[in-house]
Each structure stands twice: as C-alpha cells, then as structure tokens.
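Undergrad: build me a structure from this.
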Amino acid sequence: MFSALADPARLRLIVELARGEATVSDLASATQEKLTTVSARLGLLWSARLVARRREGKSMLYRLHDAHVLTLVSNALDHACEEHHS
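TA: All right, here's what the predicted structure looks like:
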C-alpha cells in the first residue's frame, strides 16, 4: 500500500479522488496526463485497495476505497510538511 502511494503522480490521483468520484478521462484532464497513463496508475491503486471502481454505462467511475485512505494520506502529508518545516 505505501509503495503505491510513494509515487507523486499516484498521490495526485488520490488527492483528486478525495474530491469525489471521477472517470479516467476526468482524472486525465485534471492531471494533464494521457488516459493510458492514468488508467495504469489507477489499476495499481485499485490493486492496492486504495481506490474502488464501479461501472456506470460505458464509463468506469473511481473513488477512494474508504475514508481510511483519505485519513492515511492526509496524515502522511501533514507529517511530511511538519518534518520539512522543522
């Protein structure tokens, strides 16, 4: 799980998903990355159980797996910022 969060690009996807459900296309636009790149990163996050997905029509919607993911990432970012300012 932590190795999945070690990549800044995957972490950006987690932050985007903290705002709510999104499609691969939504996330690609928000991060200015290729659809295939975002899709691969989401697959890794899904395998690590950090994100969940559901099909709606032809689209796949992604969201954070649960509230624990947001808490974990938020605490890690707070810790990193605290160490940086010490």
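
Undergrad: for this protein, what are the low-confidence residue spans?
TA: Residue ranges of the chain with pLDDT under 70: 83-86.

Undergrad: ranges for the strands of it?
TA: Applying DSSP state E to the chain gives strands spanning 22-23, 51-56, 59-64.

Undergrad: turn the ones you listed into TSV, columns for mean neighbour count and distance to L44.
TA: (C-beta placed from N, C-alpha, C; glycine too.) Compiled in TSV, the strands of the chain are given as follows (neighbours: other C-beta atoms under 10 Å; distance: least, C-beta to C-beta, whole Å):
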stretch	mean neighbour count	distance to L44
strand 22-23	18	16
strand 51-56	14	9
strand 59-64	17	12
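
Undergrad: so which of the ones you listed gets nearest D78?
TA: Taking C-beta to C-beta, strand 59-64 is the member of the strands of the chain nearest to D78, at 17.3 Å.

Undergrad: please state the offset of the closest one from the chain centre?
TA: Distance of strand 59-64 from its chain centroid, counting by C-alpha atoms, centre = their mean, to the nearest Å, is 10 Å.
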